[in-house]
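> generate a structure from the sequence data that follows.
(one chain, ligands or ions: 1)
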Amino acid sequence: MAEGAARTVQVADDDGLRHLEIDNPPVNVLGQALRAALAEAIAAAAADPGVRAVVISARGRSFPAGADITEFGKPPVPPRLPEVCNRIEACPKPVVAAMHGTALGGGLELALAAHYRVGLESLRIGFPEVTLGLVPGAGGTQRMPRIAGAAAALELMQSGQPVPARAAEAMGVIDLVVPDPAPGEEAAAAVRRAAADFARGLLAEGLGPRPTSMRAEGFADPAAYAAAVAAARARPAPSHLPAAARIADCVEAALLLPFEAGLAFERAAFEDLMATEAAQGLRHAFLAERRAARVPELAAASPRRVEVVGIVGGGLMGAGIAAAALTAGLGVVLVERDEAALDKGLARIAEIKERAIEKGRLTSAGFEAEWARLIGTTEMAAMAGVDLAIEAVFEEFEVKAGVFRALDAVLRPGAVLATNTSYLDVDALAAVTGRPADVVGLHFFSPAHVMKLVEVVVGRATAPDAVATGFALARRMGKIAVRSGVTDGFIGNRILSAYRTATDFLLEDGATPYAIDAAMRAFGFPLGPYQVLDLAGLEISWARRKRLAPTRDPAARYVAVGDRLCERGWFGQKAGRGYYRYDRGRTGEEDPEVLALIDAERAAKGIIPRAIAADEIRARALAAMVNEGARLLEEGIALRPSDIDVVMLHGYGFPRWRGGPMRWADHTGLRSLRRDLMTFAAAEPEFWTPAPLLLDLVGNGRSFADLDEAAA
Ligand code: 3H9
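Numbers count the residues shown, from 1 in each chain. You can find the predicted model right below:
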């Protein structure tokens, strides 16, 4: 057997049954060594006269979670997964797949190539390929509809959402669902045993292989099949995300073409899509999200235990954090300064939970259980029992420092003290306490029960296990944590600020806010920068500008349009006016008075407006983001370019299929980006001068992806 076989497939015999146990932790992805080992093991089982049936199972957490995404985009090394699947199907002895955990993508395709499938009750199966911009590429689009018909297969593949074992059983995909084992018994062992019994039953009944490629239950009603394909094709999808439409084509091909030709059709679609910008960007996003969790502090220390979280401040942010902590099964102590504020905070949490119940995400009983874990109080002393306290009070240094001092006086030794500040200096806040090693920034995004991003801000004195605790808490709350150093605005708001500066310059130079928003929406942002400002409220950034005014370089270009709007009380959506007018609900309309006001600002500065095309708007906005990203890397604020991408994808609406600003820069070419920056810098060097890191990368023919690799 090949060298890899010893590592990735464990082989054992049991009275005529051959057990092939996939062993490729953590989630048994079907990398090259495993594919080679499986192919050989199947051939050996087929050839061995002592073997009467084969059971394929997986050790550890899960049946294979799919192909190995890190191999994508590289030249494939045989055997390819479709070939391995075909060999499994061609085995002359019955093959039973024994599944637990999640059978996803290529893992599910492997199971569909087996002749029978047994799954644990808690198993979930799915085809997430569409979330990577792909179609299933190892026979899934051809085998699945032969069993389940077009409608069920298309739903699974186009949504990318996994379904539970019972639903898979109803589709005919699982032959036997077995109960989960009692606590203490391994899931993998339980399903393997059940599958062995199932295989023995087959042999006792004289049942042999049942190749899925020969099945046709799913074709029983060709008219319904065609209608399901037509409906799937009609589902609107943007042209840069072609995978869903190609899935419909493949499922149609399953009915129209012989099996082999259908497989070739699917393969061609898979390879076409693999080369698209969307597939590359989505793959980058997937890997970047996981890479973000690799930080030095997590390698060096274990998280402290957190069961009860204290939150000071029940405003929008505090209530959102509390709601998310309750969902995660944590106890919550919410402290407010008086009864009235506390009532409001609790009402906000209740409102979030009521909406979850309305949407079917929470049961009434679940709500009762969550509410029982929540304590609301006006007594800071109640924080004595919490494991981690988060201040979520007004964004003003003295206010936050006051709360930190009060917390420092009551928290038990070893409790973590977190600030939810979006801009303030975490080191300075830590310094007001007697325990700076326990202080960490946890920058949640609003609404905190929805937004997935948390910046974990590491101060000079922050202890590694306090950082690890921040990461563990974020993960437990279903969030994606990204490490940031201390700087004004951390990773995300520093980039946002550069983005806004660039668009404000464009505004003054001749673009309208509406043209800028439209250009950025066309790039893929759900909202343009001025729509976001109107939504968030213009007063927030106004207050910040006023605060920073004394330290602003008087020679630096300053665009005062936002100040002028705020002086009129046009604070955005809530006020009915901002960059847009909101006469009819939340859809803003262009406002000639805003345009007149911008004109007046230009006139006052002697700026003659010029026509600015959408391409230039995007070029400047994106170049500003990437240049600031490069500075964050130089300063060591961000560990790696892909961390910046994760922040922008999850906190600021950067289109996921483009992978993030740094990955976009690699895709566009750092050389052309440098050329653009130099052109812009010729007129405005203070803002546009390229970051030395960027020049260095271009000079050495390297990319941001190379830095990701190096940091990994
Ligand atoms: C496919 O199958 C194509 C086929 O149709 C055709 C082929 C020809 N590849 O997420 P976690 C790593 S497309 C490589 O933290 P969880 C992950 O990076 C694929 N690596 O755990 C991490 O590594 P590390 C279709 C993968 O418990 C570790 O495993 N399949 C892959 O939160 C743990 O991951 C998918 O899209 C992979 N496919 O969630 C499924 N999957 O520890 C993608 C995981 O070094 N995977 N890793 O950072 C998932 O959705 C989640 O990982 C899963 C577990 C739900 C399985």
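> next, find the distance separating the closest residue to the ligand within the stretch 251-400 of the chain from residue 643.
The ligand sits closest to residue 290 of the stretch 251-400 of the chain, with a gap of 3.8 Å, by C-beta to the nearest ligand atom. Where you see a C-beta, it was placed from the backbone N, CA and C, and this is true even at glycine. Distance of residue 290 to residue 643, given as C-beta to C-beta, to the nearest Å: 12 Å.
> buried residues in the host helix or strand of residue 268?
Using DSSP states H and E, residue 268 falls within helix 259-274. By neighbour count with 16 or more other C-beta atoms under 10 Å, helix 259-274 contains the buried residues 259, 262-263, 265-267, 269-270, 273-274.
> burial measure for residue 358, as a count.
Applying other C-beta atoms under 10 Å, we find 9 residues neighbouring residue 358.
> apologies, that question was intended for residue 223.
The burial count for residue 223: 7, using other C-beta under 10 Å.
> same for the helix or strand harbouring it, what does it pack against?
For residue 223, the host element (DSSP H and E) is helix 222-234. Packing partners of helix 222-234 (3 or more C-beta pairs under 8 Å, 6 or more residues apart in numbering; DSSP states H and E): helix 140-159, helix 243-256.
> tell me which of those helices lies nearest to the ligand.
The closest of those to the ligand is helix 140-159. By C-beta to the nearest ligand atom, the value is 5.8 Å.
> and that closest one, C-alpha only, in CSV?
Extracted C-alpha coordinates of helix 140-159, given in CSV (Å, rounded to 0.1, in the frame of the first residue of the first chain):
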residue,chain,number,x,y,z
GLY,A,140,-22.5,15.1,-7.2
THR,A,141,-24.6,16.8,-9.8
GLN,A,142,-25.1,13.5,-11.7
ARG,A,143,-25.6,11.1,-8.9
MET,A,144,-27.7,13.1,-6.5
PRO,A,145,-30.6,13.8,-8.9
ARG,A,146,-30.7,10.2,-9.9
ILE,A,147,-31.7,9.3,-6.4
ALA,A,148,-33.5,12.5,-5.1
GLY,A,149,-34.8,14.1,-8.3
ALA,A,150,-34.1,17.6,-9.6
ALA,A,151,-35.9,19.7,-7.0
ALA,A,152,-34.3,18.4,-3.9
ALA,A,153,-30.8,18.1,-5.5
LEU,A,154,-31.0,21.7,-6.8
GLU,A,155,-32.2,23.1,-3.5
LEU,A,156,-29.2,21.4,-1.8
MET,A,157,-26.7,22.5,-4.3
GLN,A,158,-27.9,26.0,-5.1
SER,A,159,-28.5,27.0,-1.5
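> toward the C-terminus, what is the element adjacent to it?
Following helix 140-159 toward the C-terminus (DSSP H and E): strand 163-164.
> is any residue of that next one near the ligand?
No - judged by C-beta under 6 Å from any ligand atom, strand 163-164 stays clear of the ligand, getting no closer than 13.6 Å.
> parallel or antiparallel, list what pairs with that strand.
Strand 163-164 has the following strand partners under DSSP bridges: strand 124-126 (antiparallel).
> near the ligand, which residues of the stretch 101-250 of the chain?
102, 104-106, 109, 128-129, 132, 136-138, 140.
> mind running it again at 5 Å?
Counting by C-beta under 5 Å from any ligand atom, the positions of the stretch 101-250 of the chain adjacent to the ligand are 104-106, 128-129, 136-138.
> give me whichever of the helices and strands packed on helix 222-234 is most buried.
Mean neighbour count (mean count of other C-beta atoms under 10 Å) peaks for helix 140-159 among the helices and strands packed on helix 222-234, with a mean of 25.
> which helices and strands sit right next to the helix or strand the residue of the stretch 251-400 of the chain closest to the ligand falls within?
For residue 290, the host element (DSSP H and E) is helix 277-291. When contacts are defined as 3+ C-beta pairs under 8 Å, 6+ apart, helix 277-291 sits against helix 641-651, helix 661-668, helix 704-711.
> need these in a markdown table with mean neighbour count, can you?
Listed next are these as a markdown table, based on neighbours: other C-beta atoms under 10 Å:
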| stretch | mean neighbour count |
| --- | --- |
| helix 641-651 | 28 |
| helix 661-668 | 24 |
| helix 704-711 | 17 |
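> nearest to the ligand, of those helices?
Closest to the ligand of the helices and strands packed on helix 277-291 is helix 641-651 (C-beta to the nearest ligand atom; 12.1 Å).
> low-confidence bits of this protein, can you list those?
1-7, 712 (pLDDT under 70).
> residues of it that sit close to the ligand?
With C-beta under 5 Å from any ligand atom as the criterion, the chain meets the ligand at residues 26-27, 29, 65-69, 81, 104-106, 128-129, 136-138, 290.
> next step: those residues restricted to strands.
residue 104 (DSSP state E).
> got a ChimeraX select line for the buried ones in the residues of the chain next to the ligand?
Selection of the buried residues among those in ChimeraX, burial being defined by 16+ other C-beta under 10 Å:
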select :27,29,65,66,67,68,69,81,104,105,106,128,129,136,137,138
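> residue 83 is in contact with residue 36, isn't it?
No - the pair residue 83 and residue 36 does not pass the contact test of C-beta atoms under 8 Å, sitting 10.6 Å apart.
> neighbour count for the two, which is higher?
More crowded of residue 83 and residue 36, by other C-beta under 10 Å: residue 36, with 21 against 14.
> pretty sure that one sits in a strand.
No - Residue 36: not assigned to a strand; according to DSSP: H, G, I helix; E, B strand; the rest coil it is helix.
> related to what we said a few turns ago, run the chain-centre distance for the helix holding residue 223.
Its chain's C-alpha centre and that of helix 222-234 lie 31 Å apart, by C-alpha atoms, centre = their mean, to the nearest Å.
> what residues does it touch?
Around helix 222-234, the neighbours that count as contacts under C-beta atoms under 8 Å, 6 or more residues apart in numbering are 145, 149-151, 154, 158, 218-219, 244-245, 247-248, 251-252, 255.
> just give me the closest of the residues you listed to residue 207.
residue 218 (20.5 Å; C-beta to C-beta).
> what is the burial count for that closest one?
Number of residues near residue 218 (other C-beta under 10 Å) recorded here: 24.
> quick one: the closest residue to it other than its chain neighbours and residue 228, what's the gap?
Spatially, and ignoring its direct neighbours in sequence, residue 218 is nearest to residue 149 (4.1 Å; C-beta to C-beta, 6 or more residues apart in numbering). Distance check for residue 149 against residue 228: by C-beta to C-beta, it reads 7 Å.
> swap in residue 516?
Taken as C-beta to C-beta, the span from residue 516 to residue 228 is 42 Å.
> so which of those two has more stuff around it?
residue 516 (26 against 22).
> so what does residue 62 look like in phi/psi?
The phi/psi pair for residue 62 (degrees, to the nearest 10) reads phi -160, psi 150.
> just confirm residue 489 contacts residue 500, I think it does.
No - look at residue 489 against residue 500 with C-beta under 8 Å: they stay out of range, at 11.0 Å.
> and stretch 195-202, which residues are buried?
For stretch 195-202, by 16+ other C-beta under 10 Å, it's 195-200, 202.
> want to throw the helices and strands packed on helix 277-291 into CSV with distance to residue 542?
Output for the helices and strands packed on helix 277-291, formatted as CSV (distance: least, C-beta to C-beta, whole Å):
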stretch, distance to residue 542
helix 641-651, 21
helix 661-668, 26
helix 704-711, 34
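> residues touching residue 452, list them.
Contact partners of residue 452, counting by C-beta under 8 Å, 6+ apart, are 478-480, 650.
> swap the cut-off to 10 Å and go again
289, 324, 444-445, 474, 477-481, 646, 649-651 (C-beta atoms under 10 Å, 6 or more residues apart in numbering).
> pull up the gap between it and residue 696, please.
On the measure of C-beta to C-beta, residue 452 and residue 696 end up 32 Å apart.
> for residue 250, same thing?
Distance of residue 250 to residue 696, computed by C-beta to C-beta: 45 Å.
> tell me the domain ranges of this structure?
The chain breaks down into these structural domains: 3-275, 306-484, 491-510+610-712, 526-608 (assignment by automatic domain parsing).
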